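Trainee: sequence first, then the predicted structure, then my questions.
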Amino acid sequence: MARWRTPVPAGARPDGPFEPGEQDIRAQLDRGEVLARALTRADLAAALAVCAVDPVASVLATARLEIAARSGFGAAAGQAWGFPAVGPLEAVCWSGANLVPVVPITDPARRTEAIAAFTAVARVYGRRSSSIVGEQRAALALWERLAPHWPPARDIRADQPSMAIGSAPSVPPEPTVRRSVLAELDLVLPACVRMFTEEVGYSPIASGGSAYAERVKSLIAEGRSFVRLVPDGAGRPAVGFKAELGAVAGGVAQVQGVWVEPAFRGRGWSESGMAAVVDATRASVAPVVSLYVNAYNERAIAAYRRVGFEQVGTFATVLF
């Protein structure tokens, strides 16, 4: 399957007051020690053009950059760095809850230079993100350079097939899968917590978790949360299948948080549920639906292939 491509001068620093460490970047830049620059809103069209080279691989960064373009870096909850420090952008790196390098450079030496530049900026700021995630080569190369200077990673998921579908699903969609509503937050949030705990190894609400709960609530409010409700043992509604559109940008919607209640696994619920999500998403959100999954999760990969997803790249994630 071809990789989808949606048909992106030079700034000084993010909007607003200087961030901690930013003065240091300026001083290092003046001395020619940092080959990347902090981007401003004036740079965002060019940054989005870099991401548009491979919109599936860059959707996580593109989503934050689009928010920054609409409402500023404060609303996007992060900042962006660009390579090179002077001249047209060739690569960008989003720094927020996740550190997301986007390096669509084919020349190996130039790619190495871009990664080294982003490493230098990341070292000045220190680790702020809970993960490094993105296209495999860029994410792992960035971590290789940062590993001697940052705290140890909690987990490294080095092989995550990136899959996408840009057509109707190959299996019939489950008709009861639909968008959840805010009145169902008390049903959806526990299912999201269970999924996260299974996937990552700890509860996202163990220390309060208000930010996680707000994230789930916002996805529901934006129509990006899908559920299949079933009766529990007492006849009350419960979540049997769920998925969210975790990032939507550049003509791509990335599905995250796919989960089936353990009692219903092995019945094809993930295939029919994902088919329903693909249909609804392509009808009203984005023409291309993507996701990424750990390579060792062979059952999930097989299920997504049955739906019609094909591998278009590879991600890697470093968790802290």
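Mentor: Perfect, I can see it now. Numbering: from 1, shown residues only.
Trainee: hey, which helix or strand in the protein has the poorest pLDDT?
Mentor: The least trusted helix or strand in the chain, going by mean pLDDT, DSSP states H and E, turns out to be helix 22-30, with a mean of 56.
Trainee: what lines up beside the following helix or strand past that one in the sheet?
Mentor: Sequence-wise, the next helix or strand downstream of helix 22-30 (DSSP states H and E) is strand 37-38. Neighbouring strands of strand 37-38 in its sheet, by DSSP bridges, are strand 79-83 (antiparallel).
Trainee: what mean pLDDT does the strand it pairs with have?
Mentor: Per-region confidence: strand 79-83 scores 96 on mean pLDDT.
Trainee: just the CA coordinates of that strand, formatted as PDB?
Mentor: Provided in PDB are the C-alpha atoms of strand 79-83 (Å, rounded to 0.1, in the frame of the first residue of the first chain):
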ATOM      1  CA  GLN A  79       6.500  23.500  21.700                       C
ATOM      2  CA  ALA A  80       8.100  22.600  18.400                       C
ATOM      3  CA  TRP A  81      11.700  22.500  17.400                       C
ATOM      4  CA  GLY A  82      12.900  22.800  13.800                       C
ATOM      5  CA  PHE A  83      15.900  21.700  11.900                       C
END
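Trainee: how distant is it from the center of its chain?
Mentor: With CA atoms, centre = their mean, to the nearest Å as the basis, strand 79-83 stands 17 Å off its chain's centre.
Trainee: stretch 235-254 now?
Mentor: The answer for stretch 235-254 is 14 Å, by CA atoms, centre = their mean.
Trainee: ok, stretch 271-279 next?
Mentor: The answer for stretch 271-279 is 20 Å, by CA atoms, centre = their mean.
Trainee: can you tell me what sits against it?
Mentor: Stretch 271-279 is contacted by residues 165, 168-175, 177-178, 226, 228, 241, 243, 255, 258, 260, 289, 303-304, 306-308 when judged by CB atoms under 8 Å, 6 or more residues apart in numbering. Every residue, glycine included, has its C-beta placed from N, CA and C.
Trainee: OK, contacts around the residue positioned nearest the centre of the chain?
Mentor: By CA atoms, centre = their mean, the chain has its centre lying nearest to residue 60, at 3.6 Å. Applying CB under 8 Å, 6+ apart to residue 60 gives the contacts 94, 98, 100, 133-134, 247, 254.
Trainee: just among those, which is most surrounded?
Mentor: residue 100 (32 neighbours; other CB atoms under 10 Å).
Trainee: unless I'm mixing things up, residue 111 is touching residue 103, no?
Mentor: Yes. Contact criterion CB atoms under 8 Å: residue 111 and residue 103 qualify, at 5.7 Å.
Trainee: so after the longest helix belonging to the chain, what's the next helix or strand?
Mentor: With secondary structure taken from DSSP state H, the chain has its longest helix at helix 108-125. Downstream of helix 108-125, the first helix or strand assigned by DSSP H and E is strand 131-135.
Trainee: in the helix or strand just after that next one, which residues are buried?
Mentor: Note on strand 131-135: by DSSP H and E, the next helix or strand toward the C-terminus is helix 136-146. For helix 136-146, the neighbour count (16 or more other CB atoms under 10 Å) marks 136-143, 145-146 as buried.
Trainee: do the same with stretch 169-179
Mentor: Quick answer for stretch 169-179 (16+ other CB under 10 Å): 169, 171, 173-174, 177, 179.
Trainee: what's it in contact with?
Mentor: By CB under 8 Å, 6+ apart, stretch 169-179 touches 220, 223-229, 241, 268-269, 271-280, 306-308.
Trainee: which among those residues count as buried?
Mentor: Counted by 16+ other CB under 10 Å, those give 220, 224-229, 241, 269, 271-280, 306-308 as buried.
Trainee: which residues in the chain form helices?
Mentor: Under DSSP H, the chain gives helices at 22-30, 44-51, 59-71, 73-76, 108-125, 136-146, 185-200, 210-221, 269-284, 298-307.
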